[in-house]
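1. I'll drop the sequence and a predicted model, then ask my questions.
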Amino acid sequence: MKPAWISVLVLALLVFLPDVAHACAVCFDARDENRQAFVATTVFLSLLPLGMVAGAGLWVRRRSREIDEKIDSEAPSDR
Amino acid sequence: MAVESVTFALEPRPEPMRRPELMADGVMGMLIFVFTEIMMFAGLISAHAIVRSQVAGEMWPPYGQPRLPVQETAVNTAALLVSGIVLVFAQLAFRKEPSRARLPMLLALLLGLFFVGAQGTEWVALLGEGLTIQSSTYGGFFYLIVGAHGVHAIAAILALGWACYELHKRRLTSSQIATVSVFWYFVVLLWPILYLNVYL
């Protein structure tokens, strides 16, 4: 099977197989504080890994540039 | 027919410049481990926030449960934060002269031991007052979150103790002290967040 077909198949499975997810009755209640806590923790848990990966990526980019500049400044000139 | 041999004077080729590594392998591995641990504690804090939001009348701790020793733990928190600052000085001293890092590393280790010892004493007192892991969700979350941090604190103390021993034997490298420090900083910086969420 070609890789493109595999990608289409995986995408189709991801789109059509999942069902709607509901919070269980034990966890969820109608109080406003509870709903706010669900929203806040969902945002927190969604953004935290993205923030860590983005932070690490930015740090690597900055450090890589610093190293490049150091190599350029130390490299002997052609003349 | 005579064959003339011709010799060329070859100029020595310059050594190819080795690109410095972005960070030590140990530090990279420790950072990946710390990222996963951050997500584990984020899950625990989130679960705690959800359960806390369900308590009727915002009565937290729940009725009949002992109060946590907020002020005593604030002293422990200060000790742990100071240990992190002292370890920064140890790293700076290590760059100049490794033997200079001995005293601040030992001080950080002692502060860490004080923190774990004081937390253990606090647990004994709370168990005596009837707060157990099964007494309520309040007790369950307290022992789970604070206990998980305590396990990490003990692991950090063991790692720093090993680093002190290696320094004493003059075998400690800059990447090793950096790797141990990353884990120590994680334990130090995580604690105030847990303290604010669990104790206050």
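-> Received the coordinates, thanks. Numbering: from 1, shown residues only, chains lettered A, B, ... in the order given.
2. where does chain B have low pLDDT?
-> B:1-3, B:16-17, B:56-58 (pLDDT under 70).
3. near chain A, which residues of it are found?
-> Within chain B, the positions lying close to chain A (C-beta under 8 Å from any C-beta of the partner chain) are B:14, B:17, B:19-20, B:22-23, B:31, B:35, B:38-39, B:42-43, B:46, B:49-50, B:52-54, B:58. Every C-beta, even on glycine, is put in place using the N, C-alpha and C of the backbone.
4. please narrow those to those residing in helices.
-> Per DSSP state H, helices hold the following members of the residues of chain B next to chain A: B:31, B:35, B:38-39, B:42-43, B:46, B:49-50, B:52-53.
5. now the helices for chain B?
-> Taking DSSP H as the criterion, chain B contains helices spanning B:25-53, B:70-96, B:102-128, B:137-168, B:174-194.
6. tell me which residues are up against the shortest one.
-> Residues from elsewhere that reach helix B:174-194, judged by C-beta atoms under 8 Å, 6 or more residues apart in numbering or on different chains: B:24-27, B:29-31, B:33-34, B:37-38, B:41, B:45, B:77, B:80-81, B:83-84, B:87, B:90-91, B:94-95, B:101, B:108, B:112, B:145-146, B:149, B:152-153, B:155-156, B:159-160, B:162-163, B:166-167.
7. export it to CSV, keeping only CA atoms.
-> Extracted in CSV, the C-alpha atoms of helix B:174-194 (Å, rounded to 0.1, in the frame of the first residue of the first chain):
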residue,chain,number,x,y,z
SER,B,174,30.6,20.4,34.5
SER,B,175,27.9,18.4,32.6
GLN,B,176,27.3,16.2,35.6
ILE,B,177,26.8,19.1,38.0
ALA,B,178,24.5,20.8,35.4
THR,B,179,22.4,17.6,35.0
VAL,B,180,22.0,17.3,38.8
SER,B,181,21.2,21.0,39.1
VAL,B,182,18.4,20.8,36.5
PHE,B,183,16.6,18.2,38.6
TRP,B,184,17.2,20.1,41.8
TYR,B,185,15.8,23.3,40.3
PHE,B,186,12.8,21.4,39.1
VAL,B,187,12.1,20.1,42.7
VAL,B,188,12.7,23.6,44.1
LEU,B,189,10.6,25.6,41.7
LEU,B,190,7.7,23.1,41.7
TRP,B,191,7.2,23.2,45.5
PRO,B,192,5.9,26.8,45.8
ILE,B,193,3.3,26.0,43.1
LEU,B,194,2.2,22.9,45.1
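8. okay, A:D72 and B:L81: tell me how far apart.
-> Separation of A:D72 from B:L81 (C-beta to C-beta, to the nearest Å): 40 Å.
9. out of those two, which sits in the busier spot?
-> Using other C-beta atoms under 10 Å in any protein chain shown, the more surrounded residue of A:D72 and B:L81 is B:L81, with 16 against 8.
10. burial count for the closest residue to the more buried one other than its chain neighbours?
-> Leaving aside its chain neighbours, B:L81 sits nearest to B:V188 (6.3 Å; criterion: C-beta to C-beta, 6 or more residues apart in numbering or on different chains). Here the number of neighbours of B:V188 (other C-beta under 10 Å) works out to 24.
11. I'm done for today, thanks for sticking with me.
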